[in-house]
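Student: I'll drop the sequence and a predicted model, then ask my questions.
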Amino acid sequence: MKRILTVVAAGLAFGSVEIATAQANPSRDATAVRREVEALNRAMEAAVARGDLRGVAAYYADNAVVRSPHSVEAQGRAAVEQYFVGIGNAKRWKLDVYGVTAPRESNLVYQTGRSTLVHGSPERTSVVQFLLVWERQRDGALKIVLDYYHAPEPAGR
């Protein structure tokens, strides 16, 4: 968790995530926002199950960044789409939600969780922890602007 918070702080300080004041700030009801994010996660999982990896990329904003601890994996919507399409033989994806936070007076929603992706031939499973920063768009939809993932931290930390 400490690693995730460091990345968010660094991203905000260096401007890799654009922050905009809400045009129309929808209800900040924590339960409603969490349900909305969970529904978006289920829709992304369903897209993978259908083999629609371009559909997964559609949940990312035009200025989105996907990064791991060591590098930027994709920057910009076209690169994010290429990143997902490049996942070989994706079969199943499970996104476990650890937490969802939506600060007042902000377009941003922060989600932490664990991703379990089954893919490849031969089949293998990739498990990572992640932080997603969602941004409310002008049309009211949430889109991912930052997707940071890393190997799970050892138990007891």
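Tutor: Cool, got the structure.
Student: how many neighbours does V72 have?
Tutor: 11 (other C-beta atoms under 10 Å). In this view, the C-beta of every residue, glycine as well, is placed from N, C-alpha and C.
Student: how about the contacts made by it?
Tutor: V65, V66 (C-beta atoms under 8 Å, 6 or more residues apart in numbering).
Student: measure it to A79 for me?
Tutor: 9 Å (C-beta to C-beta, to the nearest Å).
Student: now do G99
Tutor: Noted for G99: a distance of 28 Å to A79, by C-beta to C-beta.
Student: over to G120?
Tutor: According to C-beta to C-beta, G120 and A79 sit 21 Å apart.
Student: related to what we said a few turns ago, between G99 and A79, which one's more packed in?
Tutor: The neighbour comparison of G99 against A79 (other C-beta under 10 Å) goes to A79, with 16 against 12.
Student: what secondary structure does the more buried one sit in?
Tutor: Classification of A79 by DSSP: H, G, I helix; E, B strand; the rest coil places it in helix.
Student: repeat for T116
Tutor: Taking three-state DSSP, the label given to T116 is strand.
Student: quick thing: my sequence starts at 40, can you match it?
Tutor: Got it, first residue is 40 now, which makes that one T155.
Student: so in terms of bridging, what pairs with it?
Tutor: Beta-bridge partners of T155, counted by DSSP bridges, are K133, V166.
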